[in-house]
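Novice: predicted model and sequence follow; I will ask about them next.
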Amino acid sequence: MLLKLVLKFVLAILKKYFHFFYTFRQLFFCTFRLYSIFLTKISNKVMAAENFIPQGIEEGVLWLQNFAVKLPLYSTFYYIQPVEVADIQASSLYYSYVVTYHKQFDDHKINLTSFRDELRFSRDNFGVTKLLPGLPTVDPPPPVVPLGVFQRAAAIAQRIKKKKGFLLSDGYDLGIIAGQGFFDPQTGQPTFSIRLVDGGHPEIKWKKGKLDGVEIHVKRRPEDEFTFLDYDQFPNFTDMHPLPAAGRAENWSYKLIYRYKDKQVGAWSAILSITVTGG
């Protein structure tokens, strides 16, 4: 009888602890599963946040131009809709235009500030006057696109990277691998700004990047067409062409195109103009 009681007691304890360990095991595996899901979500967020889009304004223009040019080549395999491709291409054109537009007015503000200070503090120069700097001359804008250009581009890039069969070579070509430093000279389009320096001569501020240099073309009255001005390899460039006669003003227009390995590459820049006056 005593033995039966002891066995019953032992079995009760074992059952109790078995239930405890079983519950603990289930809790452990449940916790592990939740932790795995959490890590997966964190990993996806990190992947989605990869900084493959450059932080600089000019670099962002080049990145978007490359992405817009290359995207049609991969749209079929990665199921990118034609309307999305068209949006990225239109967004690239519009963003590049806005960056150039912004730089023009930044430089106009610099020129206007210089004129204001010269008007206020300069000594009398025998009655010679200087004309107020004219507003920048800008090309008509391309079609407007919705805000959030780079967010839309990044979303498409992440869909491409998550698709089964994604190739790193495709990612490098599209510029969507973080830290890769992609380079395609044919996607280059100079963006530049102009300000007056050295007694009123136009200075063309441009960025070289990985290209060899830029051809600079100019149009001045009475010329009706652009003519070659110079090939510049080291930013920035100052146009030392003689200024107009004292008291006169002229509008000079410029456009640039990159050169790489002794030939023109990419697309022509927007045309920018500035008013110069004789001293």
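Specialist: Right, received. Where do you want to start?
Novice: strand partners of the host helix or strand of K205, parallel vs antiparallel please.
Specialist: Using DSSP states H and E, the element containing K205 is strand 201-206. The strands that strand 201-206 pairs with in its sheet are strand 192-197 (antiparallel), strand 237-238 (antiparallel) (by DSSP bridges).
Novice: sec struct for the closest residue to S193 other than its chain neighbours, please.
Specialist: Nearest residue to S193 in three dimensions, chain neighbours excluded: K103, at 3.9 Å (CB to CB, 6 or more residues apart in numbering). C-beta: built from backbone N, CA, C; applies to glycine. Secondary structure state of K103, per DSSP: H, G, I helix; E, B strand; the rest coil, is helix.
Novice: equivalent analysis for the one 3 residues further on, please.
Specialist: Classification of D106 into helix, strand or coil gives helix, according to three-state DSSP.
Novice: and the nearest residue to it once chain neighbours are set aside, bridged to which residues?
Specialist: Nearest residue to D106, sequence neighbours excluded (CB to CB, 6+ apart): S193, at 6.6 Å. Counting by DSSP bridges, S193 forms beta bridges with K205.
Novice: so W268 is in contact with F192, correct?
Specialist: No - counting by CB atoms under 8 Å, W268 does not reach F192; the two are 11.5 Å apart.
Novice: mutual contacts of the two, please.
Specialist: Any residue near both W268 and F192 by CB atoms under 8 Å, 6 or more residues apart in numbering counts here, and that gives L256.
Novice: those two: which has the busier surroundings?
Specialist: F192 (24 against 15; other CB atoms under 10 Å).
Novice: show the pLDDT at the closest residue to the more buried one other than its chain neighbours.
Specialist: On the basis of CB to CB, 6+ apart, the spatially nearest residue to F192 that is not a chain neighbour turns out to be W206, at 4.1 Å. Confidence at W206, expressed as pLDDT, is 93.
Novice: what sits against W206?
Specialist: Contacts for W206 were tallied using CB under 8 Å, 6+ apart; they are 190-192, 214, 232, 235-237, 256.
Novice: and what of R248?
Specialist: By CB under 8 Å, 6+ apart, the residues touching R248 are 277-278.
Novice: just give the closest residue to T277, not the sequence neighbours.
Specialist: That would be A249: by CB to CB, 6+ apart, it lies 4.5 Å from T277.
Novice: and the one you found, how many neighbours?
Specialist: Look at A249: counted by other CB under 10 Å, it has 15 neighbours.
Novice: and it, backbone torsions?
Specialist: With angles defined as degrees, to the nearest 10, A249 sits at phi -130, psi 150.
Novice: what's the angle from whichever strand or helix holds K109 to strand 201-206?
Specialist: K109 belongs to helix 82-121 when assigned by DSSP H and E. Using axes from the mean of the first three to the mean of the last three CA atoms, to 10 degrees, the inter-axis angle of helix 82-121 relative to strand 201-206 is 150 degrees.
Novice: which elements pack onto helix 82-121?
Specialist: helix 57-74, helix 149-162, strand 192-197, strand 272-277 (3 or more CB pairs under 8 Å, 6 or more residues apart in numbering; DSSP states H and E).
Novice: circling back to that earlier point, residues of the strand holding K205 that come out buried?
Specialist: For strand 201-206, burial by neighbour count (16 or more other CB atoms under 10 Å) applies to 201-204, 206.
Novice: how about the residues you listed in TSV, adding distance to G171?
Specialist: Listed next are these as TSV, based on distance: CB to CB, whole Å:
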residue	distance to G171
H201	45
P202	41
E203	39
I204	35
W206	29
